[in-house]
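[1] What follows is a predicted protein model with its sequence.
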Amino acid sequence: MKGAVVVIGLIASILLSLMVGYRVLVPSDYWQALSAFDPYDPAHVTLWSIRVPRVIAALIAGSALGIAGTVMQSLTRNPLADPGLLGVNAGAAFALIIGTTVLGRVDQASIAMMAFPGAAVASVAVFALGGGLRGDAGPVRLTLAGAALNALLLSLVTAMVLIRQDSLEVLRFWVAGSLTPAAMRPLAEMAVVVGLGGAVAWLIAPQLEALSLGTAMARGLGARPARVQGAALIVVTLTTGGAVAVAGPIAFLGLMVPPLARLVSGHRLRGELFAAAGLGAMIVLFADTAGRLILAPGEVRVGVMIALLGGPAFIWIARQLRPGAQT
């Protein structure tokens with residue numbers, strides 16, 4: 001029953017995103033755009049060139065960050081974990097600055113592809129620093145390694161921006177998280193990448209559930225902790241990298257979605273992953289639609305809208321934690 005509510009909510013959010021904005025579109029506009037597209041009709045151009053790409057980008061980014069947050073909270077056993085915790089977003093931002101300042105590439109497609117390897121390198125570095133290469137990585141080691149790497153990379157980003165002022169505008173636009181240039185982002189490629197990450201997450205879900213019981217218990221159940229942790233970081237890399245490539249780093253979404261997914265599916269990780277993908281996409285779509293209406297004809301970027309929701313959510317989740325409880 002709860003799963004059906006998520007599906008209905010996702011469909012409603014897609015339709016709302018397509019219909020509502022500075023220019024309101026009616027169902028007849030959709031039919032005409034499908035059956036007889038007119039490149040000179042503003043309604044048709046608005047639908048196919050602006051709103052459909054934004055919906056696709058929101059579906060990719062929202063589902064990706066929902067999956068990434070669920071896997072990270074299961075891996076670290078920390079209900080406050082999100083992709084920014086392990087330095088993945090900072091790695092993407094650092095690669096972005098390197099690309100735009102050193103290589104001089106500023107078009108949206110190139111920027112998107114630069115962010116992805118940065119996220120990958122950050123995940124590998126966290127796994128190595130956390131002891132994954134020695135096979136003794138644990139949730140505390142991974143969390144501390146990610147926090148340290150995140151601080152280092154953000155410091156390097158700040159230093160490079162101060163040295164090269166011409167990169168400040170690019171970084172300022174990118175880090176807020178926006179679906180505005182969705183049509184210029186590599187949507188098809190990142191959809192495949194995120195889909196691959198989701199498939200890997202579904203395959204390793206039973207081993208991740210065993211690992212959440214503790215390393216010794218997981219070994220007793222036949223899981224190999226180092227391999228499971230490595231595979232989980234691959235999932236985080238693929239999903240977060242894909243999300244950053246199409247929408248920029250959106251904070252707090254990976255934090256908010258997993259608790260909601262657990263309310264929908266219970267504590268079955270495979271069910272949580274499906275619920276998290278749908279809920280993440282739905283939240284991004286609603287936030288993007290609301291951001292377009294608040295300051296019309298301008299807009300509030302989706303990253304800002306989600307941060308307005310994520311800040312109180314972070315405080316609420318933190319207050320639910322009991323002192324001395326295991327995370």
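    Noted; the coordinates are in hand. Numbering: from 1, shown residues only.
[2] does Val52 really touch Ser17, like I thought?
    No: between Val52 and Ser17 there is no contact under C-beta atoms under 8 Å: 9.5 Å. Using the backbone N, CA and C atoms, a C-beta is placed for each residue, glycine as well.
[3] how many other residues sit next to Ala183?
    Around Ala183 there are 17 other residues, counting by other C-beta atoms under 10 Å.
[4] three-state assignment of it?
    Following DSSP: H, G, I helix; E, B strand; the rest coil, Ala183 is assigned to helix.
[5] likewise Phe286?
    Criterion first, three-state DSSP; result for Phe286: helix.
[6] number of nearby residues for it?
    The number of residues packed near Phe286 is 21, by other C-beta under 10 Å.
[7] Quick check: closest non-adjacent residue to it.
    Leaving out its chain neighbours, the residue that sits closest to Phe286 by C-beta to C-beta, 6 or more residues apart in numbering is Ser13, at 5.2 Å.
[8] With Phe116 as the reference, measure out to the one you found.
    26 Å (C-beta to C-beta, to the nearest Å).
[9] cool, Ala247 as well?
    Here Ala247 is placed at a distance of 13 Å from Phe116 (C-beta to C-beta).
[10] and if you look at Ser17?
    Distance, Ser17 to Phe116, using C-beta to C-beta: 25 Å.
[11] From one end of stretch 76-91 to the other, what's the distance?
    19 Å (C-alpha to C-alpha, to the nearest Å).
[12] Name the residues of it that are buried.
    Neighbour counts using 16 or more other C-beta atoms under 10 Å place 76-79, 81-91 of stretch 76-91 among the buried residues.
[13] which residues in the stretch 101-250 of the chain form helices?
    Using DSSP state H, counting those that start in this stretch, the helices of the stretch 101-250 of the chain run over residues 108-129, 139-163, 168-175, 187-211, 215-220, 225-247.
[14] Now do the one helix or strand Ala12 maps to: everything it contacts.
    Ala12 is part of helix 2-19 when elements are defined by DSSP states H and E. Helix 2-19 has contacts (C-beta atoms under 8 Å, 6 or more residues apart in numbering) with 25-26, 30, 47, 51-52, 54-55, 58-59, 263-265, 274-275, 278-279, 281-282, 285-286, 288-289.
[15] Show me which of those are buried.
    25, 30, 47, 51-52, 54-55, 58-59, 264-265, 274-275, 278-279, 281-282, 285-286, 288-289.
[16] so Leu253 makes contact with Met305?
    No: between Leu253 and Met305 there is no contact under C-beta under 8 Å: 10.6 Å.
[17] These two: who's more crowded?
    Set side by side, Leu253 and Met305 show more neighbours around Leu253, with 33 against 23, by other C-beta under 10 Å.
[18] Report the secondary structure state of the closest residue in space to that one that isn't next to it in sequence.
    Of all residues beyond its chain neighbours, the one nearest Leu253 is Leu65 (4.4 Å), with distances taken as C-beta to C-beta, 6+ apart. What three-state DSSP gives for Leu65 is helix.
[19] Give me the number of neighbouring residues for Leu65.
    35.
[20] residues in contact with it?
    Counted by C-beta under 8 Å, 6+ apart, Leu65 has contacts Asp82, Pro83, Thr239, Thr240, Ala243, Ile250, Leu253, Gly254, Val257, Gly280.
[21] Just confirm Asn150 contacts Ala92, I think it does.
    No: if you go by C-beta under 8 Å, Asn150 and Ala92 don't touch, sitting 11.4 Å apart.
[22] more neighbours, those two?
    Taking neighbours as other C-beta under 10 Å, Asn150 and Ala92 compare with Ala92 leading, 31 against 20.
[23] Verify the contact between the more buried one and Ala120 for me.
    No: counting by C-beta under 8 Å, Ala92 stays clear of Ala120, with 9.2 Å between them.
[24] so what sits against both of these two?
    Gly241.
[25] tell me which element Ala251 falls in.
    Per DSSP H and E, there is no helix or strand for Ala251.
[26] cool, and the one 10 residues further on?
    Ala261 is part of helix 253-265 when elements are defined by DSSP H and E.
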